[in-house]
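A.B. asks: with the input below, show me the fold.
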Amino acid sequence: MIIDVEISGPLPPGSLEVLLPVEKKKFRQVKKISGEELPVLWQIKGLSNVGGVKLPIKHSEQLSFQY
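C.D. replies: Sure thing, here's the model as predicted:
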């Protein structure tokens, strides 16, 4: 699964979390378009059955979630 993130306007400080619902089948890894692998977050406070990544906020990024 490929997810494109596009943000216009001034960027706030901080980071962006991209989360997806998961059940029995979890994704194995998440990579940026550059090929850099990102650590997957499975324990999200206040949420269940989700996984995702946290990355510095940028105007655009493409992420590849590999199952």
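A.B. asks: does residue 18 touch residue 58 like I think?
C.D. replies: No. Between residue 18 and residue 58 there is no contact under Cβ atoms under 8 Å: 12.0 Å. Placement of C-beta: from N, CA and C, glycine included.
A.B. asks: the more surrounded of these two?
C.D. replies: Neighbours per residue, other Cβ atoms under 10 Å: of residue 18 and residue 58, the larger number sits with residue 18, 17 against 12.
A.B. asks: on that earlier part again, what do residue 18 and residue 58 both touch?
C.D. replies: residue 5 (Cβ atoms under 8 Å, 6 or more residues apart in numbering).
A.B. asks: pull the contacting residues for residue 23.
C.D. replies: Neighbouring residues of residue 23 by Cβ under 8 Å, 6+ apart: residue 49.
A.B. asks: show me the contacts for residue 51.
C.D. replies: Residues in contact with residue 51 (Cβ under 8 Å, 6+ apart) are 19, 20, 22, 26, 27, 40, 41, 42, 44.
A.B. asks: which helix or strand contains it?
C.D. replies: Residue 51 is part of strand 50-56 when elements are defined by DSSP states H and E.
A.B. asks: same thing with residue 12?
C.D. replies: For residue 12, there is no enclosing helix or strand under DSSP H and E.
A.B. asks: since that was my last question, I'll sign off now.
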